[in-house]
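Colleague: pasting the structure only:
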């Protein structure tokens, strides 16, 4: 029996919940799921420019595990790009460094318990606490 997956660390959730290709009607779109840990690997390696060793340390995983996560992310993004599919960012086995909320009206991210009573952007009181799904995909 394989050992249980270790929780991957993330500083913050992505600003968006996914991407939709331009020029394809919503009714004709399929989707590809990008796990939160895959998003974080792309962010750390490609956007922040960290080495694999540094990124693995930040995510609390081994370097070979980070490489597998990164390869899976690249394959998902390539499939969505080539086949014209929507990318949905959701799920995964991650733990945020702080507590995060998303406004149900304007979708703005709000960090921390002290800020969770009202969205400063649209003054809405209806917020969702972001708790990643622990999936074993």
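Modeller: That came through fine. Just so we're clear, the structure is a prediction, and the values are computed from it rather than from any experiment.

Colleague: got the buried residues for the host helix or strand of residue 70?
Modeller: When secondary structure is defined by DSSP states H and E, residue 70 falls within helix 63-83. Applying a neighbour-count criterion of 16 or more other Cβ atoms under 10 Å, the buried positions in helix 63-83 are 65, 66, 67, 69, 70, 72, 73, 76, 77, 80. Every C-beta, even on glycine, is put in place using the N, C-alpha and C of the backbone.

Colleague: pLDDT and distance to residue 41 added to the residues you listed, as CSV?
Modeller: Shown next, in CSV, are the buried residues of helix 63-83 (pLDDT from 0 to 100; distance: Cβ to Cβ, whole Å):
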residue, pLDDT, distance to residue 41
65, 93, 10
66, 95, 6
67, 96, 9
69, 95, 5
70, 97, 4
72, 97, 9
73, 96, 6
76, 96, 11
77, 96, 11
80, 94, 16
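
Colleague: which among those residues gets closest to residue 110?
Modeller: Within the buried residues of helix 63-83, distances to residue 110 taken as Cβ to Cβ reach their minimum at residue 73, with 26.1 Å.

Colleague: give the contact list for that closest one.
Modeller: For residue 73, the contacting residues are 34, 35, 38, 39, 41, 42, taking Cβ atoms under 8 Å, 6 or more residues apart in numbering as the criterion.

Colleague: good, wrapping up.
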